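>>> Show me how the following folds:
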Amino acid sequence: MPRRFPGLSPAACAALILVAGLLTGCGAGQLSQTSMDKNPVNGSNAEAGDIALRNVYLAAESVGERIGDYGSVSLSFTAIHTGIGAPDRLLAIASAAAEEVRIEAEPDELVIDAGTAIAAGQPIESVDPATAPDEPFTVVVRPVAGALRPGVALPFTFVFERGGEVTFGVPFDVWSKGEPPSPTRPQR
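Numbers count the residues shown, from 1 in each chain. Okay, here's the model as predicted:
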């Protein structure tokens, strides 16, 4: 024996089902959130001329028991020359949220030829391992007191000789002692 709901006619039930179907359809479409591609990285991306900055993030290891006790802070990124023309050079990195941003690299390590990349604080991937640098260089950041909090993006400006400058938010990533730093750490 079919179960009936008192007070609801078959027409009302059909209308209810139709409305539920229409509302469900409103969440889908060409620009639905589930159709958006998201890179499986922790950092930000930006463009400056022919230079593509990828997976840009601040990293620090927690050194104390209190939240906010961090050791050395570094800036990690990969800068890719996507053009076919003349080389470009990273001239400077600055932030209003930092007392100091120091690039620890030789000047020739900051030149980016067309079709190549430089990296700070993360592995360098190259199609031709013979031409890839052995190690990434380091960018040390001394943030303004209280500026560094997990989940907060700080403004950084990258300046390139040909590509000009670009300012964007760089997220802060913290890890526990002994845990491998991003991007080798599994995504959570």
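>>> Run through the bridge partners of V111.
For V111, the beta-bridge partners under DSSP bridges are R89.
>>> Would you agree it is in contact with R89?
Yes - at 5.1 Å, V111 counts as touching R89 under the criterion of Cβ atoms under 8 Å. Placement of C-beta: from N, CA and C, glycine included.
>>> so how far is A60 from S72?
7 Å (Cβ to Cβ, to the nearest Å).
>>> Just want to know which of these two has more residues nearby.
Looking at S72 and A60 with other Cβ atoms under 10 Å, you find the greater number of neighbours at A60, namely 20 against 12.
>>> So for the helix or strand harbouring that one, mean pLDDT?
Using DSSP states H and E, A60 sits within strand 51-62. On average, the pLDDT along strand 51-62 is 90.
>>> which parts of it are buried?
I51, A52, L53, R54, N55, V56, Y57, L58, A59, A60, E61, S62 (16 or more other Cβ atoms under 10 Å).
>>> Can you spell out which helices and strands pack onto the helix or strand following it?
As assigned by DSSP H and E, the chain's next helix or strand after strand 51-62 is strand 70-81. Judged by 3 or more Cβ pairs under 8 Å, 6 or more residues apart in numbering; DSSP states H and E, strand 70-81 is in contact with strand 51-62, strand 88-94, strand 111-112, strand 117-120, strand 138-143.
>>> by how many degrees do strand 70-81 and strand 51-62 diverge?
Here the directions of strand 70-81 and strand 51-62 differ by 170 degrees (axes from the mean of the first three to the mean of the last three Cα atoms, to 10 degrees).
>>> who does strand 70-81 pair up with?
The strands that strand 70-81 pairs with in its sheet are strand 51-62 (antiparallel), strand 117-120 (antiparallel), strand 138-143 (antiparallel) (by DSSP bridges).
>>> got the ones you listed as JSON lines, with distance to G163 columns?
Compiled in JSON lines, the strands paired with strand 70-81 are given as follows (distance: least, Cβ to Cβ, whole Å):
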{"stretch": "strand 51-62", "distance to G163": "4"}
{"stretch": "strand 117-120", "distance to G163": "13"}
{"stretch": "strand 138-143", "distance to G163": "17"}
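>>> Tell me which of these lies nearest to P171.
Checking the strands paired with strand 70-81 against P171 by Cβ to Cβ gives strand 51-62 as the closest, at 5.3 Å.
>>> Can you give me the buried ones in stretch 108-128?
Result for stretch 108-128 [16+ other Cβ under 10 Å]: buried residues E109, L110, I112, T116, A117, I118, A119, A120, G121, Q122, I124.
>>> if we can go back for a sec, output the helices and strands packed on strand 70-81 in JSON lines, with distance to V170 appended to each entry.
Shown next, in JSON lines, are those (distance: least, Cβ to Cβ, whole Å):
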{"stretch": "strand 51-62", "distance to V170": "5"}
{"stretch": "strand 88-94", "distance to V170": "10"}
{"stretch": "strand 111-112", "distance to V170": "19"}
{"stretch": "strand 117-120", "distance to V170": "12"}
{"stretch": "strand 138-143", "distance to V170": "9"}
